[in-house]
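Colleague: Got a sequence here, can you build the structure:
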Amino acid sequence: QVQLAESGGGLVQAGGSLRLSCAASGRFVGSYAMAWYRQAPGKQRELVAVATSGGGTNFADSVKGRFTISRDNASNAVYLQMSFLKPEDTAVYYCNADGDFCTMLGCYRRNYWGQGTQVTVSS
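Modeller: Residues are numbered from 1 along each chain as shown. Below is the predicted model:
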């Protein structure tokens, strides 16, 4: 079983920065993308940034130039550096891992979610 745990959320003023971290725990190897999604009150969950297993990255238009995503494959972690934050970035941010995971029980296609971390940007 793979578990994702986020950290780093909080309250920040507009224009400030935050760094979110997500670590995947469990005994596994695999080929999977790691991504950050967010969900604001009353809105659908949306993709913020993704880091593929091959090293590629992609960002939502609303965060391009302000957010960066990086991953540490050795520690099964992914990070989201958020700069020049805006009030509209306020949301619960979720870590996601999607792809092929191999444990002692075998290899399976899976999609995992973290519990989420609140980011609040004040104006």
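Colleague: how close does the closest residue to S17 other than its chain neighbours sit to G42?
Modeller: Spatially, and ignoring its direct neighbours in sequence, S17 is nearest to S83 (4.6 Å; CB to CB, 6 or more residues apart in numbering). C-betas here are computed from N, CA, C, even on glycine. Distance, S83 to G42, by CB to CB, to the nearest Å: 26 Å.
Colleague: between these two, who's got more neighbours?
Modeller: When neighbours are counted by other CB atoms under 10 Å, S83 comes out ahead of the other of S83 and G42, with 14 against 5.
Colleague: Check G55 and give its pLDDT.
Modeller: Looking at G55, its pLDDT reads 89.
Colleague: Now do stretch 81-101: distance from first to last residue.
Modeller: 26 Å (CA to CA, to the nearest Å).
Colleague: got it, and stretch 14-31?
Modeller: Calculated as CA to CA, the first-to-last residue distance of stretch 14-31 is 36 Å.
Colleague: buried set for that stretch?
Modeller: 18, 20-24, 28, 30 (16 or more other CB atoms under 10 Å).
Colleague: Check stretch 43-60 too.
Modeller: By neighbour count on 16+ other CB under 10 Å, the buried set for stretch 43-60 is 48-52, 59.
Colleague: farthest-separated two in these?
Modeller: Greatest spacing in the buried residues of stretch 43-60, by CB to CB: V48 and T52 (14.6 Å).
Colleague: Looking at this protein, which strand is longest?
Modeller: Counting residues, the longest strand in the chain under DSSP state E turns out to be strand 91-103.
Colleague: That concludes my questions; thank you for your assistance.
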